[in-house]
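**Q** fold the stuff below for me.
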Amino acid sequence: MAKSIQMDKLRLGVCYYPEHWTEELWSEDFRRMKEMNITVIRLAEFAWTILEPQEGCFDFSFFGRVMDLAHHYGLKVILGTPTATPPAWLTYKYPEVLNANVDGVIYRHGMRRHTNYSSPKYRELCERIVSKMVEAYRNHPTLIGWQIDNELNCQMDVFYAETDHIAFREWLQVRYGTLENLNKAWGTVFWSQTYTEWEQVYLTRTMVGMSPNPHLALDEKRFISDITISFAKLQADIIRELDPHHWVTTNGTFGHIDNHEMTDKLLDFFSYDSYPQFATIRVGDDENPLHDRAWSMKLSNVRSMSPNFCVMEQQSGPGGWVDGKAMGTPRPGQIRLWSYQSVLHGTDLLVYFRWRTATMGTELYWHGINDYHNEPNRRVREVAQIGEEFAKIGELIVGTTYRAEIAIMQDYDNSWDGELDQWHGPLNNQSVRSWYKQLQYRHLPTDMITLRPRTVLEDLRKYKAIVYPHPAIMTDETAALLQDFVEQGGMLFFGARTGYKNPSGHCYMRPFPGVVAELCGIKIDDFTLIKGNVLPAELSWKGSHLPSGTIAVGFNEILHAAKADVDIMAEYASEYYMGMPALSRRTVGQGQVWYYGAAYNEPVVDAILDEIGLKSPVAEYMDIPSEVELGIRYSQEKAYIFLLNYSDKQVTVNLRKPVVSLFDGSTIENNVTLNPYGVQILSS
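**A** Sure, this is the predicted structure:
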């Protein structure tokens with residue numbers, strides 16, 4: 001069962017760094033926080049040098065004074081273990097703790113995340129500082145929980161120090177037992193790569209063409225995930241033993257970690273760091289990007305780990321480091337919009353980053369609620385408004401959960417394999433983006449779910465439709481699970497390159513689409529990657545659902561109906577395979593399975609949604625402009641409808657029955673007006 005944070009009401013918090021400020025500022029800061037209804041502060045996640053200024057010399061008095069003062073003002077404290085930023089004395093005396101790049105060049109002190117999790121010495125020193133810290137603060141009345149490290153694998157999610165190569169070999173021996181099994185799994189007979197001694201095995205190293213053995217590359221990412229989780233476990237075990245009365249979490253979804261496994265094994269709930277403005281500066285070639293609204297997809301992924309969670313860092317100002325990675329200032333209303341975006345998707349504890357903008361260091365342009373000068377500003381006023389609103393609605397919303405009838409499914413193996421394998425990885429990015437965007441515009445609440453070894457039919461049955469666009473790696477067991485889902489009434493959507501690899505990344509010697517060919521009732525007669533001067537074919541829908549000129553992007557597979565009950569829904573309308581099937585549908589039991597021989601784009605998704613007739617849960621009594629995100633948090637008795645306007649224009653939501661605003665208790669009869677970046681929460 002998924003693990004959720006347990007709060008008594010929606011609460012606001014803020015990241016606070018007293019080590020950056022004179023002690024005279026603390027009281028005034030805490031007083032102002034209370035006035036703004038901020039009741040939680042996060043401390044110490046980067047403060048190892050304060051806690052252990054010299055090796056073996058510990059001083060916990062500084063944060064003791066901070067926590068005493070916080071308690072005086074009625075604030076609660078989350079403590080972060082400081083293992084993301086080791087002191088200079090540590091990396092100088094023990095250089096073996098440092099990480100290295102693929103060439104073996106050591107990363108030096110001066111940033112963060114420059115260590116490696118497999119170093120015995122680093123683990124020893126981390127174990128000691130965490131133990132001492134927990135013993136020092138576990139009984140403080142203001143403490144409510146622990147954050148392990150900070151943003152595991154942020155900035156760096158590959159590890160090539162000497163201890164990593166050694167740990168990788170040990171991991172492989174546990175996984176495969178013998179070199180014979182390893183050689184088989186990695187296909188080392190190809191290009192005479194066969195290993196005869198374990199010492200010959202390394203993580204990826206610099207090589208001709210920099211195209212490593214793909215099976216090694218996949219296992220490398222699995223190893224990194226396991227070694228990262230084991231590093232977190234080292235800390236979680238200490239906290240559980242020494243302080244069983246406070247919760248344990250960690251924050252951020254970064255590369256090469258199975259966060260679902262980590263949450264299940266180690267945490268009380270998962271926490272996330274929400275910076276929606278990143279989505280506004282990384283839109284790629286998307287012609288109609290969702291911008292900051294796209295961040296809801298990331299929050300939906302967090303929901304799959306913890307339906308109710310903590311946002312440990314919520315963006316509260318313009319971001320940027322001294323190296324020019326910068327963002328503009330949020331417009332009036334956007335901080336509030338982003339805050340309720342997080343709340344809609346399951347946040348019950350919202351912690352802003354940060355109280356005051358740092359005046360020094362790499363993050364001196366990563367702004368907080370307050371500016372350097374500490375004078376009132378509109379960001380302070382906006383957060384204060386949110387605090388007032390939380391005081392009104394917090395007990396109603398807390399513990400309620402987001403609900404969706406459609407899900408986009410992913411899994412770690414395919415995500416990691418797709419980083420190297422350009423024959424399916426980019427297709428997934430294209431399809432997921434297109435599905436999520438069109439579901440947003442049609443106001444269809446959507447879950448992002450992760451297929452795992454422990455996934456069972458009951459986990460899937462709550463959805464009317466599941467989109468699993470390009471799972472190249474798939475087992476017969478997974479195919480059987482998905483068939484059960486379809487037979488019991490679900491709609492399932494696949495895309496090109498589905499089902500043709502085993503868990504080692506070997507290609508099955510079966511007709512495409514491999515393990516789901518029987519379920520889909522099709523075979524792939526021919527195919528081409530769409531790249532360079534290879535152009536995509538146009539599509540022709542058998543009906544009226546597809547605009548003329550729509551192309552099949554990314555990959556073109558030519559389908560063949562192998563069973564009589566397969567319906568061909570679209571054909572290619574150009575290229576040498578003109579007139580051949582591109583999109584199929586088959587009824588299996590009470591449900592349907594669809595197969596599309598390309599990557600999904602927006603027109604194709606729209607045509608499918610028109611065909612299957614999925615409707616917004618509020619379609620009968622509410623007309624919502626496309627600029628607005630709809631989502632609903634449910635309790636057993638009530639549904640709370642969130643309307644979030646991501647545009648810089650005022651918009652109107654037309655009503656066909658009265659609703660009540662949670663913010664002021666008023667009854668709204670005809671329409672809801674949302675100001676630019678405006679938010680409304682309604683009950684009916």
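
**Q** C-alpha from now on. contacts and neighbour counts both.
**A** Noted.

**Q** domain boundaries for the protein, per the record?
**A** The chain breaks down into these domains under automatic domain parsing: 11-398, 406-612, 622-683.

**Q** burial of Pro212, as a residue count?
**A** Applying other Cα atoms under 10 Å, we find 15 residues neighbouring Pro212.

**Q** is it true that it lies in a helix?
**A** No: using DSSP: H, G, I helix; E, B strand; the rest coil, the secondary structure at Pro212 is coil, not a helix.

**Q** shouldn't it be in contact with Gln193?
**A** No: if you go by Cα atoms under 8 Å, Pro212 and Gln193 don't touch, sitting 11.2 Å apart.

**Q** now the helix or strand hosting Phe63: buried residues?
**A** Element membership of Phe63, judged by DSSP states H and E, is helix 61-72. Using 16 or more other Cα atoms under 10 Å as the test for burial, helix 61-72 gives Phe63, Val66, Met67, Leu69, Ala70, His71.

**Q** quick check: the second one vs Arg354, distance?
**A** Looking back up the chat, that one is Val66. Distance, Val66 to Arg354, by Cα to Cα, to the nearest Å: 16 Å.

**Q** show the contacting residues for the spatially closest residue to Arg205 that is not a sequence neighbour.
**A** Counting by Cα to Cα, 6 or more residues apart in numbering, Arg205 lies nearest to Val102, which is 5.4 Å off, once chain neighbours are set aside. Taking Cα atoms under 8 Å, 6 or more residues apart in numbering, we find Val102 in contact with Phe159, Tyr160, Thr204, Arg205, Thr206.

**Q** going by distance to Ile408, which of these wins?
**A** Compare each of those with Ile408 using Cα to Cα and the shortest gap goes to Phe159, at 30.6 Å.

**Q** that closest one: how many residues sit nearby?
**A** With neighbours defined by other Cα under 10 Å, the count for Phe159 comes to 26.

**Q** torsion angles phi and psi at it?
**A** phi -140, psi 120 (degrees, to the nearest 10).

**Q** can I assume it is in contact with Ser118?
**A** No: at 9.0 Å, Phe159 and Ser118 do not qualify as touching, with contact defined as Cα under 8 Å.

**Q** ok, the spatially most central residue of the chain to His345 distance?
**A** In the chain, the centroid-proximal residue (Cα atoms, centre = their mean) is Lys298; its distance is 4.3 Å. Distance, Lys298 to His345, using Cα to Cα: 10 Å.

**Q** kindly report the same for Ile229.
**A** 25 Å.

**Q** secondary structure element for the residue sitting furthest away from the middle of the chain?
**A** No residue in the chain sits farther from the centre than Ala564, which is 40.9 Å out by Cα atoms, centre = their mean. Here Ala564, judged by DSSP H and E, is contained in no helix and no strand.

**Q** how close does it get to Pro82?
**A** Ala564 is 62 Å from Pro82, by Cα to Cα.

**Q** cool, and Pro536?
**A** Counting by Cα to Cα, the gap from Pro536 to Pro82 is 51 Å.

**Q** just Arg31 next, same as before
**A** According to Cα to Cα, Arg31 and Pro82 sit 26 Å apart.

**Q** of the two, which one has the most company?
**A** Legend: neighbour count by other Cα under 10 Å for Arg31 and Pro82, higher for Pro82 (25 against 16).

**Q** which non-adjacent residue is nearest that one?
**A** In this structure, Pro82 finds its nearest non-sequential neighbour in Glu45, 4.4 Å apart by Cα to Cα, 6+ apart.

**Q** show the contacting residues for Gln314.
**A** The contact partners of Gln314, taken as Cα under 8 Å, 6+ apart, are Asp273, Ser274, Tyr275, Ser339, Leu350, Val351, Tyr352, Phe353.

**Q** name the SS class of the fifth one, please.
**A** In terms of secondary structure, Leu350 is strand; the call rests on three-state DSSP.

**Q** that one touches Val311, doesn't it?
**A** Yes: at 5.0 Å, Leu350 and Val311 qualify as touching, with contact defined as Cα under 8 Å.
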